[in-house]
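**Q** test case, fold it:
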Amino acid sequence: MTLTITLDELLAWTAEERARWLPWLKANPKALDVTVQPGGRFPTVCSLIDHIFLVEHRHTLRRQGRELPAESGIKPGDIDALYAYAARGRDGVRKYLPTLSQKDANTPRDVVVASGTYPLSPRKLLFHMALHEVRHWAQMAAAVRAAGFAPPGDHDLFYSKARASAARAAARPGER
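**A** Take a look at the predicted model:
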């Protein structure tokens, strides 16, 4: 038996996470300054969230052969602007997906990043993008918990409604 999870399910799960964190971050603005990676590239919760959303933009633009931004341009601590940036990035992903044929989705292309060049298919890059986000939300949850905050809600896929929504949508073709 082959079991699968779709990109739509993963994107729905990350959308739930984003929706869970936004009001919590607004209610706990000091959490944006919590240290996540001491001495690292993204030392605080705020800088790590910026990184998550920038990566989504960059990978989508990379697949379209467009110029990659070096930064989001969002002022640190401006959570509303950061989430607006995220919404534009997710919209870009949603608009890109229908342009991708099955053959193209599985055709590796060289992806150049700071650590080297890697042959990745758009499919693998898109799944990486979603899992990259999940991994960083988990990092942030652990960091804010260690700093004395109670992170917002249950984060595991176990609790997500993403699969149930995908299953209902699949049962009603044409109603998307």
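
**Q** which stretches of the protein form strands?
**A** 109-113, 116-120 (DSSP state E).

**Q** nearest to residue 33, out of these?
**A** Nearest to residue 33 among those is strand 109-113; the distance by C-beta to C-beta comes to 27.9 Å. In short, each C-beta sits where N, CA and C put it, glycine included.

**Q** sheet partners, orientation included, of the closest one?
**A** Counting by DSSP bridges, the strands paired with strand 109-113 are strand 116-120 (antiparallel).

**Q** got the strands of the chain as CSV, with distance to residue 151, mean neighbour count and mean pLDDT columns?
**A** Below are those laid out as CSV (distance: least, C-beta to C-beta, whole Å; neighbours: other C-beta atoms under 10 Å; pLDDT from 0 to 100):
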stretch, distance to residue 151, mean neighbour count, mean pLDDT
strand 109-113, 29, 12, 89
strand 116-120, 31, 12, 94
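
**Q** of these, which is nearest residue 45?
**A** Nearest of the strands of the chain (C-beta to C-beta): strand 109-113, 23.4 Å.

**Q** gap between that closest one and the chain center?
**A** Relative to the centre of its chain, strand 109-113 is centred 19 Å away, using C-alpha atoms, centre = their mean, to the nearest Å.

**Q** what's next to that strand, contact-wise?
**A** Under the contact criterion C-beta atoms under 8 Å, 6 or more residues apart in numbering, strand 109-113 has outside partners 62, 117-122, 125.
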